[in-house]
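K.L.:
Sequence and predicted structure below; questions after.
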There are 2 protein chains.
Amino acid sequence: MPKKIGNIIKMNNNTCIIASAGIAGHKESEGPIGKNFDITYEDDMLGEKTWEKAESRLQTEAVKIVLGKSALKESDIDVVLAGDLLDQCISSIFGLRSFSIPFLGQYGACSTMAQCLLTGAVLADSLAADRVLAVTSSHFCSAERQFRLPIEYGGQRNLTAQWTVTGAGAAIIGRDKGICRIEDVMVGRITDCGITDTANMGAAMAPAAADTILRYLNETNTSPKDYDLILTGDLGYVGSELLYEIMMKEGTDISGVHNDCGKIIYDRESQDVHAGGSGCGCCASVLCSYIMQRIRTGELNNILFAATGALMSVKSSKQGESIPGISHIVHLSSCV
Amino acid sequence: MPKKIGNIIKMNNNTCIIASAGIAGHKESEGPIGKNFDITYEDDMLGEKTWEKAESRLQTEAVKIVLGKSALKESDIDVVLAGDLLDQCISSIFGLRSFSIPFLGQYGACSTMAQCLLTGAVLADSLAADRVLAVTSSHFCSAERQFRLPIEYGGQRNLTAQWTVTGAGAAIIGRDKGICRIEDVMVGRITDCGITDTANMGAAMAPAAADTILRYLNETNTSPKDYDLILTGDLGYVGSELLYEIMMKEGTDISGVHNDCGKIIYDRESQDVHAGGSGCGCCASVLCSYIMQRIRTGELNNILFAATGALMSVKSSKQGESIPGISHIVHLSSCV
């Protein structure tokens, strides 16, 4: 049964990620971890007629692959927790419609994978569910046309802008021996520093990451050196630098153990992604492939996964609202 | 600690709704339960500059009222689970930004209040949280302009169309003595019968309600007469009739104990709402005011709350997709 210690929820039932799958598009296949994905697609339409349907297909395929890897059937899964960036979470809904698995839609913008993992961990650890599936996705083209400009317009991108990852990640949580244990989790708070620049999501999210990570280190009485990796979701280059700066002001230097999925997924020099990758599918695809593989090989043992989300819509920004951020922590330790 | 029995999650820690608040707009104040809301607003703008900001304000006010009624401070709440119909859940995000409460955004369309209550029940019952706040909202004008036509257009409404409720509901869940116990819950499945008419959400959601209620009655070995009330969220008049029809085909007649929040909230004859009320705020405001009051007076003891959601976006419908539905069950029993 989980136990609440301050703001930390500690698991006590050997709750693990027992299988995972990370899949991605063509651009991601050409990046530094392109070979680590379970599958990559040459054609980002995945044979579908629209980008939104292609993003849905990413979720369908990620779930099929993770079920295959775990040798579980859909009837073995008690709940699927899923979310995405599209209005009314349609890529999750239509991507998971063909599975007859009880469904709870989650919304935490690009922090959604952490939210799915933490909620799933509580469901499994408390015996409310035996196996929970967590899945999120994003797609460069569906995100661009929803949040920014028509792709066809070919607008010049700000240097602080990030590139939405075409990809999805899926993980199965259970109380079996797995790849890594979910030791504890912490739910983040909506953190608003008044950033309004929609072409600088890293800056909008960095204060939330700092708030969550600092409170977590403080409440657990640990320091950055206690972890092999503190992994944020998609702060990218600009947001990561800001995170170091905010945390240094509080006397905490994480730069030695920190990395960000938005920095890992693309090659900064050759792939012209400016500030790095972003999207619900960014940290999901990186965590569920490359990071889980490094845990399996024994390279990583103790990881803080702190995905971040920028909480906004086109409408809220047009109405002059700022962009609050949020960041949730999932603390993982190797079962190897 | 919760216990999974088939698809039912049973609570075992006296997990209760300990306080609730339901608030609404002007039209709702003129309906049959207008006097039952904690507060109603003459001006549906609530002093804000846009409808979206007004909807956010509904969530802020509902939370303030429920905290006041429970004599709890925001620091007494471990997690807030919230959601709404607006793109990227902005009314929850901006409505709850001023509270420093850890936040998990939920998306289940109009079933979101049931999703918040069921997830909150598991968090509280498992000791992962001591107190959880569940809150959802909707607003007629923000929904109309997002999903349908500009208000100013004054288009004629289909007879199967429903009227989005301007309102919000908030409930605090804890392991204290409260208004009613959350006995058990069941997570629904995405159910798609191929309905594509966006002016007939009742028809899109009725099959999901039937699927969930039938499976629940079957798994718990109970029948409709075992409950004082089976309360759906916003099937309205058309959807409720369809629900009876689908369930009768399976040999189950719920018409004697069923009601729907979309039927309760408006007067059909005098208020010109055609097929009834709808929106995340419909079942939330009705459950958290009128229904909780009837539990307090001893009039209702044993209730199945089965909120329903229509899973779609403007884009998915324009791309020819059907409208799947979902329905989650929260089983409540009076503490009076």
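P.N.:
Nice, thanks for sending it over. Numbers count the residues shown, from 1 in each chain, chains lettered A, B, ... in the order given.

K.L.:
Do me a favour and get the end-to-end distance for stretch A:180-199?
P.N.:
End-to-end span of stretch A:180-199 (C-alpha to C-alpha, to the nearest Å): 35 Å.

K.L.:
What average pLDDT does that stretch get?
P.N.:
Across stretch A:180-199, the average pLDDT comes to 97.

K.L.:
Any idea how far it is from the middle of the chain?
P.N.:
11 Å (C-alpha atoms, centre = their mean, to the nearest Å).

K.L.:
Buried residues in it, which are they?
P.N.:
By 16 or more other C-beta atoms under 10 Å in any protein chain shown, the buried positions in stretch A:180-199 come out as A:180-193, A:195, A:198. C-beta coordinates here come from the backbone N, C-alpha and C atoms, glycine included.

K.L.:
between those, which is nearest residue B:119?
P.N.:
residue A:187 (11.7 Å; C-beta to C-beta).

K.L.:
which of the buried residues of stretch A:180-199 lies closest to residue B:290?
P.N.:
Lowest distance from residue B:290 to the buried residues of stretch A:180-199 (C-beta to C-beta) belongs to residue A:190, with 30.3 Å.

K.L.:
and residue A:39, what are its bridge partners?
P.N.:
Per DSSP bridges, the residues bridged to residue A:39 are residue A:23.

K.L.:
residues near residue A:318, how many?
P.N.:
Neighbour count of residue A:318, defined by other C-beta atoms under 10 Å in any protein chain shown: 11.

K.L.:
and the gap between it and residue B:52?
P.N.:
When C-beta to C-beta, to the nearest Å is the yardstick, residue A:318 and residue B:52 sit 10 Å from each other.

K.L.:
And for residue A:283, nearest residue in space, chain neighbours not counted?
P.N.:
Using C-beta to C-beta, 6 or more residues apart in numbering or on different chains and skipping the chain neighbours, the partner closest in space to residue A:283 is residue A:233 (3.6 Å).

K.L.:
Which neighbouring residues are in contact with that neighbour, exactly?
P.N.:
Residues near residue A:233 by C-beta atoms under 8 Å, 6 or more residues apart in numbering or on different chains: A:110-111, A:113-114, A:260-262, A:282-283, A:306-309, A:327.

K.L.:
Just those residues: which are in helices?
P.N.:
A:113, A:114, A:261, A:262, A:282, A:283 (DSSP state H).

K.L.:
Now do the phi/psi pair for the residue of the stretch 151-300 of chain A found nearest chain B.
P.N.:
For the stretch 151-300 of chain A and chain B, the shortest gap (C-beta to the nearest C-beta) falls at residue A:187, measuring 3.6 Å. The phi/psi pair for residue A:187 (degrees, to the nearest 10) reads phi -80, psi 130.

K.L.:
That one contacts residue B:79, correct?
P.N.:
Yes. At 5.5 Å, residue A:187 and residue B:79 qualify as touching, with contact defined as C-beta atoms under 8 Å.

K.L.:
Spit out the contact partners of residue A:257.
P.N.:
Shown in contact with residue A:257 (C-beta under 8 Å, 6+ apart): A:224, A:225, A:227, A:228, A:229, A:230.

K.L.:
how long is stretch A:308-324 from one end to the other?
P.N.:
Using C-alpha to C-alpha, the end-to-end distance of stretch A:308-324 comes to 11 Å.

K.L.:
same check, this time on stretch A:34-41
P.N.:
End-to-end distance for stretch A:34-41, by C-alpha to C-alpha: 11 Å.

K.L.:
which stretches of chain A have low pLDDT?
P.N.:
For chain A, no stretch has pLDDT under 70.

K.L.:
Quick test: name the residue nearest the centre of it.
P.N.:
Of all residues in chain A, the one closest to the mean position by C-alpha atoms, centre = their mean is residue A:283, 3.5 Å from it.

K.L.:
I'd say it and residue A:264 touch.
P.N.:
No. Here residue A:283 lies out of contact with residue A:264, judged by C-beta under 8 Å, at a distance of 9.4 Å.

K.L.:
Helices of chain A, start to end?
P.N.:
For chain A, the helices defined by DSSP H occupy A:26-29, A:51-70, A:90-96, A:112-125, A:140-147, A:201-220, A:236-249, A:261-264, A:268-271, A:280-286, A:292-296, A:314-318.

K.L.:
Most tightly packed of these?
P.N.:
The highest average neighbour count among these, using mean count of other C-beta atoms under 10 Å in any protein chain shown, belongs to helix A:280-286 at a mean of 37.

K.L.:
tell me what that one is packed against?
P.N.:
Using 3 or more C-beta pairs under 8 Å, 6 or more residues apart in numbering or on different chains; DSSP states H and E, the elements in contact with helix A:280-286 are strand A:16-24, helix A:112-125, strand A:131-138, strand A:167-174, helix A:261-264.

K.L.:
now do 6 Å
P.N.:
helix A:112-125, strand A:131-138, strand A:167-174, helix A:261-264 (3 or more C-beta pairs under 6 Å, 6 or more residues apart in numbering or on different chains; DSSP states H and E).

K.L.:
coming back round to it: got any residues that touch both of residue A:187 and residue B:79?
P.N.:
residue B:102 (C-beta atoms under 6 Å, 6 or more residues apart in numbering or on different chains).

K.L.:
Residue numbers of the stretch 51-200 of chain A in contact with chain B?
P.N.:
A:52, A:79, A:87-90, A:93, A:97, A:100, A:102-105, A:107-108, A:115, A:122, A:126, A:128, A:187, A:189-190, A:192 (C-beta under 6 Å from any C-beta of the partner chain).

K.L.:
switch the cut-off to 7 Å
P.N.:
Proximity of the stretch 51-200 of chain A to chain B, by C-beta under 7 Å from any C-beta of the partner chain, involves residues A:52-53, A:78-79, A:83, A:86-90, A:93-94, A:96-97, A:100-109, A:115, A:119, A:122-123, A:126-130, A:187-190, A:192.

K.L.:
Now for residue A:61: which residues touch it?
P.N.:
By C-beta atoms under 7 Å, 6 or more residues apart in numbering or on different chains, the contact set of residue A:61 is residue A:23.

K.L.:
can you check residue A:74 too?
P.N.:
Residues near residue A:74 by C-beta under 7 Å, 6+ apart: A:67, A:99, A:100, A:101.

K.L.:
which of the residues you listed are buried?
P.N.:
Buried members of the contacts of residue A:74, scored by 16+ other C-beta under 10 Å, are A:67, A:99, A:101.
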